[in-house]
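Novice: Okay, predicted coordinates and the sequence, questions at the end:
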Amino acid sequence: MSIESLIMMIVVIGGYALGAFLLLSKVFNAQKAREAKK
Amino acid sequence: MSQKKEQFGSRWGFVAAALGMAIGTGNIWRFPREAAQNGGGPFLIAWTVAMLIWAVPVLAAELVMGKKTRLGTIGAFRDFVGKKYTWMGTWVGLVCVLIMCYYSVITGWCMKYFSLALMGTFKSGITTQTTQAIWDNFTASPAQTILFHALAIGIAGFVVVKGIKGGIEKACKIMIPTLFGLLVLAAIRAITLPGAAAGLEYLFSPKWEMLKTSKVWVEAFTQASWSTGAGWGFMITYAVYMKSNEDIAGNAMIIGVGDNIGALMAGLVVLPAIFALSPSLEVANQTALTGGSGLTFIFLAQLFGTMPGGNIVAVAFFGAMTLAAMSSLFPMIEVGVLNLMDMGLDRKKATIATVAFGFLAGIPSAYSLTFFGNQDNVTAYGLWVSGILIVFAIIKYGVEKVRNEEINTPWTDFNLGKWYTYFTYLAPVISAYLLYDTIKAMLGEANRWQVFGTDWSLGTVLFQFGLYLAIAFLSMNYFNNKIGKGVLPDLEGGKTACQ
């Protein structure tokens, strides 16, 4: 496997994993904040 | 007369059902082929962009329409844009229900292969000739294909008749984590095979020059539209059962990202397995480019037999396929059920009517692969029209009004910026270009005006689109009068929805 492909794989898989983590964190934090307001 | 509406029990329940809708067989047998044909890395980038700028705005548009009107596709168009446009909702609903008819056949194929894997059919030493013969014998036996089609739509109907919380939500909360678990299991085994790196190279190769070609972008947007379910009307349907203070922007993002992750995981199973297990690189290339049912039921089925523990992976893979297909079949049935419930039928009668129609109208697809291919193609293009109609509804209502009043609410997880408005205006242009690109390709074919006995021609598409339009227009007055007002979910007092 070439180094360029390896980097691409890390960027894509890492990007999706990080994106999903940030998205879910944002959703849970927003939900927590709303519940705290109630 | 509308019924009082049920409600998803939790946000996770809604997200599981929506992911079940989005992640289907297209993620597993279409995505790896498209990625392979379009340069790997560049396709992944274009496909991610397509998800963000096309699929997410369209999914959000659908969620707004369903949540605002609390009606199925037909009533949603009537109350969201006006009685003159009810035909658009009929088009959207009709295309979904027609997809249900042949998608149940696909689900039946997956169930058949799952049962074969459980019986240990894909054992060591199995050849491509054998798997080809298994596929040919199966598809040439209407008794079997119709039986599995009946089983698939029967099981899905059994879940749908139990309702949203007790049926679809309950099933998807088990099926979606299981699906991801099976994909992870199969991916780990595939990636750790000797020679799997060649498959990863294929999937992630950075051929940047391909990003400049329009083909990569057309295929990426096509994959995004067929895979996420954006513009199909499913989210209009599921949004009817959302809580009033449920977020739209965050849910649209979760559906888009979750669907892409599902496809990426399928790519990590299929391509490494093909390259690790094929006898030569040429064979691996040819297999990867096959895609569809041939890839899954002939080549992969054979390849599983060549690896240690292959039958376990085959069980995991065909199990994942069955779960993905089944969880996508639920909303297809629910689109028909909700529209009938809006006309006064109770859930039981509406489900029986929809399932009976799906079974009968699906028999020709179970019987003939040419008819199946015809329906697969024609309805897929119908979906692009559906996407244009849904975005038209949002534009007619006012994109800024939708953004400010329906999405950026006090209970939203994200406030969407002006970009949402720009991309919403861009969405129908993209759908229209995809349609134009397909029509152009069809015009180049010798059989372009053939209507019957073909799986792909402009004549058959135009003929069937004409039929859809005739049904949609002729039924418009009837539906305008028959469909009641949208009603908020039971837990919110069952009041009439804001119009």
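Specialist: Thanks, I have the structure now.

Novice: Which residue comes closest to residue B:142 once chain neighbours are left out?
Specialist: residue B:367 (4.9 Å; CB to CB, 6 or more residues apart in numbering or on different chains). For glycine as for every other residue, the C-beta is placed from the backbone atoms N, C-alpha and C.

Novice: no wait, residue B:254
Specialist: residue B:15 (5.6 Å).

Novice: helices and strands around the strand or helix carrying that neighbour, which ones?
Specialist: Residue B:15 is part of helix B:11-22 when elements are defined by DSSP states H and E. Using 3 or more CB pairs under 8 Å, 6 or more residues apart in numbering or on different chains; DSSP states H and E, the elements in contact with helix B:11-22 are helix B:170-191, helix B:234-239, helix B:249-277, helix B:310-342.

Novice: okay, these, which one's buried deepest?
Specialist: helix B:234-239 (a mean of 30; mean count of other CB atoms under 10 Å in any protein chain shown).

Novice: Show me which residues of chain A sit near chain B.
Specialist: A:1-2, A:4-9, A:12-13, A:15-16, A:19-20, A:23-24, A:26-27, A:30-31, A:34 (CB under 8 Å from any CB of the partner chain).

Novice: Only whichever of these are buried, select them in ChimeraX.
Specialist: Here is the ChimeraX command that selects the buried residues among these (16 or more other CB atoms under 10 Å in any protein chain shown):
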select /A:5,8,9,12,16,19,20,23,24,27,30
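
Novice: now, which of the residues of chain A next to chain B lie within helices?
Specialist: Of those, the ones assigned to helices by DSSP state H are A:4-9, A:12-13, A:15-16, A:19-20, A:23-24, A:26-27, A:30-31, A:34.

Novice: wait, doesn't the residue nearest to residue B:142 sit right on residue B:143?
Specialist: No. With contact defined as CB atoms under 8 Å, residue B:367 does not count as touching residue B:143 (10.2 Å).

Novice: Tell me which of the two has more neighbours.
Specialist: residue B:367 (16 against 8; other CB atoms under 10 Å in any protein chain shown).

Novice: so who does the more buried one touch?
Specialist: By CB atoms under 8 Å, 6 or more residues apart in numbering or on different chains, the contact set of residue B:367 is B:142, B:145, B:146.

Novice: residues in contact with the last one?
Specialist: When contacts are counted by CB under 8 Å, 6+ apart, residue B:146 touches B:363, B:366, B:367.

Novice: pLDDT of stretch B:403-415, averaged?
Specialist: The average pLDDT within stretch B:403-415 is 89.

Novice: anything in it near chain A?
Specialist: Yes. Using CB under 8 Å from any CB as the criterion, contacts between stretch B:403-415 and chain A involve B:411, B:412, B:413, B:414.

Novice: How much space separates residue A:18 from residue B:180?
Specialist: 18 Å (CB to CB, to the nearest Å).

Novice: what's the answer for residue B:368, then?
Specialist: Taking CB to CB, one finds residue B:368 at 35 Å from residue B:180.

Novice: Please point out which parts of stretch B:97-115 sit buried.
Specialist: Neighbour counts over stretch B:97-115 (16+ other CB under 10 Å) mark B:97-114 as buried.

Novice: Over to stretch B:132-142?
Specialist: In stretch B:132-142, counting by 16+ other CB under 10 Å, buried: B:132, B:134, B:135, B:138, B:139.

Novice: Ok, stretch B:356-373 next?
Specialist: So for stretch B:356-373, counting by 16+ other CB under 10 Å, buried means B:357-359, B:361-369, B:371-373.

Novice: Narrow those to those in helices?
Specialist: Short answer: those in helices (DSSP H) are B:357-359, B:361-367, B:369, B:371-373.

Novice: export those to a markdown table and tack on pLDDT?
Specialist: What follows is these, written out as a markdown table (pLDDT from 0 to 100):
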| residue | pLDDT |
| --- | --- |
| B:357 | 97 |
| B:358 | 97 |
| B:359 | 97 |
| B:361 | 96 |
| B:362 | 96 |
| B:363 | 97 |
| B:364 | 95 |
| B:365 | 94 |
| B:366 | 94 |
| B:367 | 93 |
| B:369 | 88 |
| B:371 | 90 |
| B:372 | 89 |
| B:373 | 87 |
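
Novice: ok, these vs residue B:42, which is closest?
Specialist: Closest to residue B:42 out of these is residue B:373 (28.6 Å), distances taken as CB to CB.

Novice: wait, isn't the closest one in contact with residue B:460?
Specialist: No. Under the criterion of CB under 8 Å, residue B:373 is not in contact with residue B:460, lying 10.4 Å apart.

Novice: lowest average confidence, helix or strand, in chain B?
Specialist: Lowest by mean pLDDT, DSSP states H and E among the helices and strands of chain B is helix B:292-293, with a mean of 68.

Novice: just checking, next helix/strand downstream of that one?
Specialist: Downstream of helix B:292-293 (by DSSP H and E), the next one is helix B:301-304.

Novice: which other helices and strands contact that next one?
Specialist: Helices and strands touching helix B:301-304, by 3+ CB pairs under 8 Å, 6+ apart, are helix B:86-118, helix B:128-139, helix B:249-277, helix B:310-342.

Novice: where does chain B have low pLDDT?
Specialist: B:1-4, B:290-292, B:490-499 (pLDDT under 70).

Novice: before we move on, back to that, okay, buried residues for the helix holding residue B:15 please.
Specialist: Those would be B:11, B:13, B:14, B:15, B:16, B:17, B:18, B:19, B:20, B:21, B:22, for helix B:11-22 by 16+ other CB under 10 Å.

Novice: Report how many residues lie close to the spatially closest residue to the third one that is not a sequence neighbour.
Specialist: Put plainly, it is residue B:14. Spatial nearest neighbour of residue B:14, excluding adjacent residues (CB to CB, 6+ apart): residue B:8 at 4.2 Å. Around residue B:8 there are 23 other residues, counting by other CB under 10 Å.

Novice: Likewise for residue B:352?
Specialist: Neighbours of residue B:352 (other CB under 10 Å): 15.

Novice: so what's it up against?
Specialist: Counting by CB under 8 Å, 6+ apart, residue B:352 makes contact with B:157, B:161.

Novice: Just confirm it is within a strand.
Specialist: No. Residue B:352 is assigned helix when assessed by DSSP: H, G, I helix; E, B strand; the rest coil, not a strand.

Novice: Check the spacing between it and chain A real quick.
Specialist: To chain A, residue B:352 is 37 Å away according to CB to the nearest CB, to the nearest Å.

Novice: of all of the stretch 51-200 of chain B, which residue lies closest to chain A?
Specialist: Closest contact between the stretch 51-200 of chain B and chain A, by CB to the nearest CB, is at residue B:197 (4.2 Å).

Novice: which non-adjacent residue is nearest that residue?
Specialist: Nearest to residue B:197 is residue A:1, by CB to CB, 6+ apart, at 4.2 Å.

Novice: likewise residue B:453?
Specialist: Counting by CB to CB, 6+ apart, the residue nearest residue B:453 is residue B:370, at 6.8 Å.
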